[in-house]
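Q: sequence first, then the predicted structure, then my questions.
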Amino acid sequence: MDDIIRKIDNQIDRIEEIQNLRQQKYFDWLKNILTIAVAFLGLIISLKSENDQSFYKHIFFSITILLLSIGILFGSIVLYSEVHLLNRLRNRRVVYLRGLEDGNNESYTKIHIPPHKFYIVSEYICYASFGLSLCSLVIYSFL
């Protein structure tokens, strides 16, 4: 029986390692996307010409700038969610250790902390804004 429990704990530890690696890669990818978006925002603003701007071109240019900015803002919020999750994990482990100090000898259970709903919504807003800004930029380029 102890052998089975040890194997299960081993597999749970491996799953945690994979999850941590996945989170690290995801946030690295998001940092790259945000860097590209910020550079792209600066580039399209600096290359905008004032000549022959129709009303619709101006509208789609403004929409593109707005959506890129919203994507960058909410992408930064999603990046902060990593810090928020680590704070929550630390707090839960402190509570567990305080329980041990008080004589609560419960066995240690693996802690899964789901992200806050605000960060999940922020992630969707980030990706939707980036996608819509690309669509707006394509329309702007055809006008």
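A: Yes, it's here. Numbering: from 1, shown residues only.
Q: other SSEs contacting the top helix by length along the chain?
A: Using DSSP state H to define each element, the chain has its longest helix at helix 55-101. Here helix 55-101 touches helix 2-46, helix 117-142, going by 3 or more C-beta pairs under 8 Å, 6 or more residues apart in numbering; DSSP states H and E. For glycine as for every other residue, the C-beta is placed from the backbone atoms N, C-alpha and C.
Q: any low-confidence regions in this protein?
A: 1, 52, 105-111 (pLDDT under 70).
Q: show me what contacts the nearest residue to I125 once chain neighbours are set aside?
A: Residue nearest to I125 in three dimensions, not counting chain neighbours: F74, with 4.5 Å by C-beta to C-beta, 6 or more residues apart in numbering. Applying C-beta atoms under 8 Å, 6 or more residues apart in numbering to F74 gives the contacts 122-123, 125-126, 129.
Q: now the residues you listed in JSON lines, with neighbour count and distance to R90?
A: Below are those laid out as JSON lines (neighbours: other C-beta atoms under 10 Å; distance: C-beta to C-beta, whole Å):
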{"residue": "S122", "neighbour count": "21", "distance to R90": "22"}
{"residue": "E123", "neighbour count": "17", "distance to R90": "22"}
{"residue": "I125", "neighbour count": "17", "distance to R90": "27"}
{"residue": "C126", "neighbour count": "24", "distance to R90": "26"}
{"residue": "S129", "neighbour count": "21", "distance to R90": "31"}
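Q: nearest to I63, of those?
A: Closest approach between the contacts of F74 and I63, by C-beta to C-beta: S129, at 10.6 Å.
Q: tell me how far the closest one lies from I44.
A: 15 Å (C-beta to C-beta, to the nearest Å).
Q: likewise for G103?
A: 63 Å.
Q: neighbour count winner among those two?
A: Neighbours per residue, other C-beta atoms under 10 Å: of G103 and I44, the larger number sits with I44, 16 against 6.
Q: what's the spacing between that one and C126?
A: Taking C-beta to C-beta, one finds I44 at 19 Å from C126.
Q: any idea which of the helices and strands packed on helix 55-101 is most buried?
A: When the helices and strands packed on helix 55-101 are scored by mean count of other C-beta atoms under 10 Å, the highest mean neighbour count falls to helix 117-142 (a mean of 16).
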